[in-house]
Structures are given as structure tokens and as C-alpha cells.
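Asks: take this sequence and fold it.
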Amino acid sequence: MKNTSLNHAQAFLHPHVSKGLIIVNGILLLVYFIVILVWFEISNIYLFAILLFGQAFYLWQCFSHLYTVWETNYQAQTDASFLPMVDVFITVAGEPVELVAQTVSAALDMDYPKFKVHILNDGYVAGKDNWPEINNMARMLGANPITRRIPGGAKAGNINHALTVTRSPFVVIFDADHVPKKDFLRKTIGYFVDENVGFVQTPQYYKNYKKNTVTRGAWDQQQIFFGTICMGKNRLNSVTMAGTNMVIRRDALLEVGGMCADNIAEDFITGMFLHEKGWKSVYVPEVLAEGLAPEDFLSYYKQQLRWTKGSLEVFINYNPLFRRGLAWSQRFQYLASAGYYLSGLIIFINSLLPLIFFYTGAVPFKTSTMILAIAFMPYIILTLFNLQTASNYTYSFRALSFSMSSWWIHIVAFFEVLRGKKTGFAITSKVQVEGNFFSLVRPHLYYIILTVIGILYSYSKSGITPSLTTNATWSLLYVTIYAPFMYAALPGREYFKVKRVSFKHKLAQILSFHL
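Replies: Numbering: from 1, shown residues only. You can find the predicted model right below:
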């Protein structure tokens, strides 16, 4: 039952995981897969193979998730009396001065006896006009500006440069918009009393999640990961390094050559390198810093594309399966995390099956809608219920929509990685970008059009048949899932207001010219 006494920033970190339901969920999933494999009569071997491949992928995804969240209450050893000197790095590359100042002020105000705040100002090498203002602000507040003059490695390069001019045994990293709470250091440094701990990660929380559809969707997607999944990874010594709100042992970071500068997912890769060298990780399930979600669809799209490409490159350049220093549980966790970004390709392929039926009549197998529903519904209902309880009932339809509808982003990233196309590291915009970004969901619109036409075409040929009913239901389910995602891409009221003002201004100019 949902704990209503918890506020929004706490609820997702208090899951209700039932091992019994996890076991039943796994059994139902396996039964569904076996039923498809051996029970139904194959109609089209190629479509059946495609369907089976997709179901095998989901089987792997689901079992990896169930394995991860099996136990979420692991607690590492900590010692509040352990108080070493700490360097606090705030990475900056042209963000608004007022936003950075808020983070700097909060960092300086942390309740801890020995630390120094450094502003890692990459504005100069990034060609940002406000870099001198950032430095002046830092000095005024009492922080130390570190401005590198030689570019390279983006954020990772910025951090690695700062490592060469600082000396404290522990390093804290905050993005420019992630404002730490007063007790951040008190609640993280104590874990390093264990000399084998290489880094400590805390959740990313978006304080602006209520602002609009994009921020809510971006946060809803994050909750299950920074909640149950990271808490489960904690017991497996496989915590994902998330790039901000984290503390790293300097010796551990130097042992792996600093932050990985060869990949746009520098944090993910660096964490894997640390695990490969035998360093331990700790996840602290408490919101100790608050940041900003992307506030417009374009920024969200670019962020997801960057994360997807970085994760997929893991398979090609740093495949965890062949990293000998990793335990098998760690290899499994890194494969599962990176493999999530292959799900878009599978979703797209599966969504094509109803369209293929509408226009050709071909189906993977022959069965009745009722039998298929009997095999499928118990598994999917229990899966959704387990997601709800595992997120303390914070998992939403919007989260499902944003996750499943990102298939086009995953496909674009997949083929860019295959082609070896490089993508520069781009800071997610910290201010809302106004505009009409509906073109980014054009593939979803095409799918809806093809679905409507396909249903009508199939009906005109054969009328209402069980196969038409089944495939129409599946395709319309996809359409329903895409709807919130597509809505988020529409321009906001401010965009239309600007357009109206612009139109009135131009009209007035025309009239005045003729008069």
C-alpha cells in the first residue's frame, strides 16, 4: 500500500518488493514464452522468428529486472566520524550565472569541516561568452574557479584537468544545476571508511518535475531506475555511476586514468572501469541534491539520444561480457543497463507485425484471441503491478509512454553507432527552448496513419475477423501509448502566443504600408 506520508522526493526510494510476486511473475513470463514457442501453429516462419526474437529479448529484460530488484535493502558500512578533506567539483560550460550561483552557494553551505569548492569552468574552451562572469561570481562567493585553456574530452576532460590542480583524497562532482543539500557530505563520505569503496552515488532528482509534460515524463522515467534498480544494484556491487551527485576516491579514479574521455557516456564507462579494477560502489537511497529535468522536447530528445549512443557504444568498444576484471553479476548488470537502449528496436519491430497483417494478411501464428489473451494478460498485469509496488506506486502511464515511445531515438542512435558517427558532448539546456518539435515524433504520426488506413483496408477485404480484431487491438494499444509522448512534442502556449503577436505585428505593418 502506498505510503502517503512520504513527499515526492522520498516516495520512489521506499519500494515494496514482494519476492513471492517476483517468482510468480517470472513463472508467468516463462509460461507465456513457452506457449508461443510450442503451442500455436506457425503461419509465417519469418514473422514467427521475428516475434520469437522479440519475446526472447523481453524475457531477458524481465528476468534481469527481477534479479536486480530481488533485494533492495542492502546497506553498506559507514562511519560518521570519518571526515577527510574533500574537493567539490561543479562542472560548468556556459549555464546561466544565476543558476550556477545557486549551486555554488549551496555547496559552500554544506555542513562539513574540511572541503573546498571548485568551479570547473569550461566556458572558455566551449566558446561561451559568460565564462568571465562565472569566474567573478565564484571568487565573490568564495569558490575557486578552474578554467582550462586547452579543449578535449568535454565534461570528462574538464574533470581530468581539475584532478591535476587539486589534491584532496576525495572528489565530489555536481552538474551546474544540481543543488546539494546541507548534509550531502555528512551522508556520503562515511562510506569511504571501507578502503575498497571507489565511489558513492546518490539519486538524480528533478525539482522542476511539475513544470510541464516533458519534465514530468523525464522524471517519471527516472524514478524506477534511481529507486528500485539502483537499490538492487547496490547489493550486487554494480551501482551505475550517474555523472553528478557522486563522490569518488581520487586514487581509484587515477588508477583507471581519470574519467573516460572517449565516450559521451563517460560516467557509465568510468564506473565500469572502477568495478573492473576491484573497487566497490555504494548507492545512498536518499535525495541529497536536486537538479533540473529538460524542459522542452528538443532538449529531452538530445539528452536521450546522447545517453542511448553512449550506452550502445559499450557493446562495441567496451563489451562488459568480456571484461575479465568484472564479476559475472557485474557483467550481467552492465549488459542489462546498456541493453535497455536496444528495446526501442524490438518495440519498433513488434509494432510492425499488425501493420504487416493489415496490408498482407500474414501472421506469425494461428490462434484464437481468447487463448492468446489467457496466456498474455496474467503476465502483463502482474508485471505492471510489480512495477507499481517496486516504485511505491509512482510508476505512471506517462513513464511507460516515454519509455516505449523512445523507439525512434533508440533506432537513430543504433544506426549512428553502427556507422561510427561521432556525437559531441552537449550540455542539456537549463532553460526551456520554445518551438514546435512535432517533427521529432513524425515516425509515430506515420504509424498512426498507417494503422488507421490498414484497419480500413483489411476490413474492406475480409470484414471483421478474429485476426483483424487482435491486430487492431495491438496497434491501437501502441497508438494509445504514443499519445502522451507526441503531446509533449507539441509547442506550448507561449509559442502560439509569440506566433499570434508576430502575425499581428506583420499584419499591422502591411496595413500601415498600404494606408
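
Asks: determine the set of other helices and strands touching the helix or strand harbouring Glu313.
Replies: Here Glu313, judged by DSSP states H and E, is contained in helix 297-317. Here helix 297-317 touches helix 213-224, helix 266-276, helix 328-339, helix 407-418, helix 466-489, going by 3 or more CB pairs under 8 Å, 6 or more residues apart in numbering; DSSP states H and E. (C-beta placed from N, C-alpha, C; glycine too.)

Asks: would you mark the buried spots in it?
Replies: Buried residues in helix 297-317, counting neighbours by 16 or more other CB atoms under 10 Å, are found at 297-315.

Asks: quick one on the thing from earlier: dump the helices and strands packed on helix 297-317 into CSV; add distance to Val179 as well.
Replies: Below are those laid out as CSV (distance: least, CB to CB, whole Å):
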stretch, distance to Val179
helix 213-224, 16
helix 266-276, 19
helix 328-339, 27
helix 407-418, 28
helix 466-489, 25
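
Asks: out of these, which gets nearest to Val197?
Replies: Comparison of the helices and strands packed on helix 297-317 against Val197 by CB to CB identifies helix 266-276 as nearest, at 10.0 Å.

Asks: hang on, the earlier thing: in TSV: the helices and strands packed on helix 297-317, plus distance to Thr451, mean neighbour count and mean pLDDT.
Replies: Converted to TSV, the helices and strands packed on helix 297-317 look like this (distance: least, CB to CB, whole Å; neighbours: other CB atoms under 10 Å; pLDDT from 0 to 100):
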stretch	distance to Thr451	mean neighbour count	mean pLDDT
helix 213-224	23	23	90
helix 266-276	36	25	95
helix 328-339	28	20	93
helix 407-418	15	19	92
helix 466-489	4	18	92
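
Asks: between those helices, which one is closest to Ala373.
Replies: Nearest to Ala373, of all the helices and strands packed on helix 297-317, is helix 466-489, at 8.8 Å by CB to CB.

Asks: how about residues contacting that closest one?
Replies: The contact list for helix 466-489 (CB atoms under 8 Å, 6 or more residues apart in numbering) reads 212-214, 217, 297, 300, 351, 353-355, 357-358, 361, 363, 368-369, 372, 397-398, 400-402, 404-406, 437-438, 440-441, 444-445, 447-448, 451, 454-455, 458-459, 462.

Asks: list only buried entries from these.
Replies: The neighbour-count test (16+ other CB under 10 Å) marks 212-214, 217, 297, 300, 351, 353-355, 357-358, 363, 372, 398, 400-402, 404-406, 437-438, 440-441, 444, 447-448, 451, 454-455, 458 as buried among the contacts of helix 466-489.

Asks: give me the subset of those residues lying in strands.
Replies: Secondary structure defined by DSSP state E assigns none of the buried ones among the contacts of helix 466-489 to strands.

Asks: now do the contacts for Thr166.
Replies: So Thr166 contacts Asp87, Lys116, His118, Ile146 (CB under 8 Å, 6+ apart).

Asks: let's see 7 Å
Replies: Neighbouring residues of Thr166 by CB atoms under 7 Å, 6 or more residues apart in numbering: Asp87, His118.

Asks: can you tell me the element it falls in?
Replies: Counting by DSSP H and E, Thr166 is part of no helix or strand.

Asks: go on, Thr103?
Replies: helix 97-108.

Asks: and Phe199, its phi and psi?
Replies: Main-chain torsions, Phe199, degrees, to the nearest 10: phi -150, psi 150.

Asks: specify the beta-bridge partners of it.
Replies: Ile248, Ser281 (DSSP bridges).

Asks: how many neighbours does it have?
Replies: Counted with other CB atoms under 10 Å, the neighbours of Phe199 add up to 28.

Asks: wait, isn't it in contact with Ala242?
Replies: No. Using CB atoms under 7 Å, Phe199 is not in contact with Ala242; the gap is 10.1 Å.

Asks: how far off centre is the helix holding Thr103?
Replies: 25 Å (CA atoms, centre = their mean, to the nearest Å).

Asks: for the next helix or strand after that helix, packing partners?
Replies: Heading C-terminal from helix 97-108, the first helix or strand you meet, by DSSP H and E, is strand 115-121. Packing partners of strand 115-121 (3 or more CB pairs under 7 Å, 6 or more residues apart in numbering; DSSP states H and E): strand 86-92, helix 97-108, helix 131-141, strand 144-147, helix 154-163.

Asks: can you tell me the strand partners of strand 115-121 and which way each runs?
Replies: If you go by DSSP bridges, strand 115-121 pairs up with strand 86-92 (parallel), strand 144-147 (parallel).

Asks: separation between the closest residue to Pro443 other than its chain neighbours and Thr308?
Replies: Nearest residue to Pro443 in three dimensions, chain neighbours excluded: Trp408, at 4.7 Å (CB to CB, 6 or more residues apart in numbering). Trp408 sits 11 Å away from Thr308, going by CB to CB, to the nearest Å.

Asks: other residues contacting stretch 143-163?
Replies: Stretch 143-163 is contacted from outside by 89, 91, 104, 108, 116-122, 124-125, 131, 134-135, 138-139, 165, 173, 258-261, 266, 425, using CB under 7 Å, 6+ apart.

Asks: burial measure for Pro113, as a count.
Replies: Neighbour tally, Pro113, other CB under 10 Å: 10.

Asks: again with Leu254
Replies: For Leu254, the count of nearby residues is 12 (other CB under 10 Å).

Asks: host element of it?
Replies: Per DSSP H and E: helix 250-255 holds Leu254.

Asks: so what does that helix touch, helix or strand wise?
Replies: By 3+ CB pairs under 7 Å, 6+ apart, helix 250-255 packs against strand 170-175.

Asks: how far away from the center of its chain is the next helix or strand along the chain from the strand it packs on?
Replies: Next helix or strand after strand 170-175 toward the C-terminus (DSSP H and E): strand 179-180. Averaging C-alpha positions (CA atoms, centre = their mean) puts strand 179-180 20 Å from its chain's average.

Asks: outside of strand 179-180, which residues touch it?
Replies: In contact with strand 179-180 (CB under 7 Å, 6+ apart) are residues Gln102, Thr103, Ala106, Ala107, Met110, Phe174, Leu288, Ala289, Glu290.

Asks: ok, it: who's next to it in the sheet?
Replies: strand 289-290 (antiparallel).

Asks: pLDDT averaged over the partner strand - what is it?
Replies: Strand 289-290 shows a mean pLDDT of 96.

Asks: likewise stretch 310-320?
Replies: 86.

Asks: how far out from the middle of the chain is it?
Replies: 16 Å.

Asks: list of residues touching it?
Replies: For stretch 310-320, contacts defined as CB under 7 Å, 6+ apart pick out 263-265, 268-269, 272, 326, 331, 334-335, 338, 341, 413-414, 417.

Asks: ok, now stretch 42-55?
Replies: Counting by CB under 7 Å, 6+ apart, 33, 36-37, 346, 349-350, 353, 356, 362-366 sit against stretch 42-55.

Asks: among the residues you listed, which two are most distant?
Replies: Farthest pair in the contacts of stretch 42-55, by CB to CB: Ile346 and Lys366, 23.1 Å.

Asks: out of the two, which sits in the busier spot?
Replies: Ile346 (19 against 12).

Asks: for the helix or strand where that one lies, name the packing helices and strands.
Replies: In the assignment (DSSP H and E), Ile346 maps to helix 343-360. Here helix 343-360 touches helix 45-68, helix 407-418, helix 442-462, helix 466-489, going by 3+ CB pairs under 7 Å, 6+ apart.

Asks: as TSV, the ones you listed with distance to Ile159 would be great.
Replies: Listed next are the helices and strands packed on helix 343-360 as TSV, based on distance: least, CB to CB, whole Å:
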stretch	distance to Ile159
helix 45-68	28
helix 407-418	24
helix 442-462	36
helix 466-489	32
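
Asks: these: which one's closest to Ala390?
Replies: Of all the helices and strands packed on helix 343-360, helix 45-68 comes closest under CB to CB, at 8.8 Å.

Asks: quick one, that closest one and helix 328-339 angle?
Replies: Between helix 45-68 and helix 328-339, the angle comes out at 130 degrees (axes from the mean of the first three to the mean of the last three CA atoms, to 10 degrees).
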